[in-house]
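Engineer: need a structure here:
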Amino acid sequence: MSAALLIDIILWGSVIAVGFIAFQRGPTVLTSSLREGTMDFIGIVPRIALGVVGSGYIAALLPQDVMGHWFGADSGGGNTPPRAELHERLEMRVQRVDAPVADQTDQVNGAAGSDRVVAGAEKRAILEE
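Structural biologist: A predicted model of the protein is given here:
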């Protein structure tokens, strides 16, 4: 089963469930809910269409080299590290948070988790560099 089919089933299932709940509260509730939902849909579709078309025009008008510098793979100013470095820093901080937990677990379990203590100490050494 593809992911798109699963998402469709979940969404339409929730629509049917909410419709059934509205019907149980009374036919007038279901009718007014359908009317208001339809009006909301009619009101928002033109806004979405204008946003998509407008963003396409804006993207076509702006120079590619400027936009690539701001939003592309090479984005980041002189003081902003590249994305790969940011990812590594974030990963190290997550590992840093995990290290004290590993140390406490090893104190409770004894030598069973000695690999985790070494890994935690290595992580801290990398962060101090």
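Engineer: Not counting residues beside it along the chain, what's closest to Gly19?
Structural biologist: Among residues not flanking Gly19 along the chain, Leu30 sits closest, at 6.7 Å (CB to CB, 6 or more residues apart in numbering). No exception for glycine: its C-beta is placed from N, CA and C like everyone else's.
Engineer: Just give me the neighbour total for that neighbour.
Structural biologist: 17 (other CB atoms under 10 Å).
Engineer: next one: Ser33
Structural biologist: Each residue near Ser33 was counted by other CB under 10 Å, and the total is 16.
Engineer: and it, how far is that from Phe41?
Structural biologist: Distance check for Ser33 against Phe41: by CB to CB, to the nearest Å, it reads 12 Å.
Engineer: just checking, what packs against the longest helix seen in the chain?
Structural biologist: Residue-count comparison of every helix in the chain, with assignments taken from DSSP state H, identifies helix 27-61 as the longest. In terms of contact count using 3 or more CB pairs under 8 Å, 6 or more residues apart in numbering; DSSP states H and E, helix 27-61 is assigned the packing partners helix 3-25.
Engineer: ok, and for the helix it packs on, which residues are buried?
Structural biologist: By 16 or more other CB atoms under 10 Å, the buried positions in helix 3-25 come out as Ala22.
Engineer: Helix 27-61 and that helix, what's the angle between them?
Structural biologist: Using axes from the mean of the first three to the mean of the last three CA atoms, to 10 degrees, one finds that helix 3-25 and helix 27-61 are set 150 degrees apart in direction.
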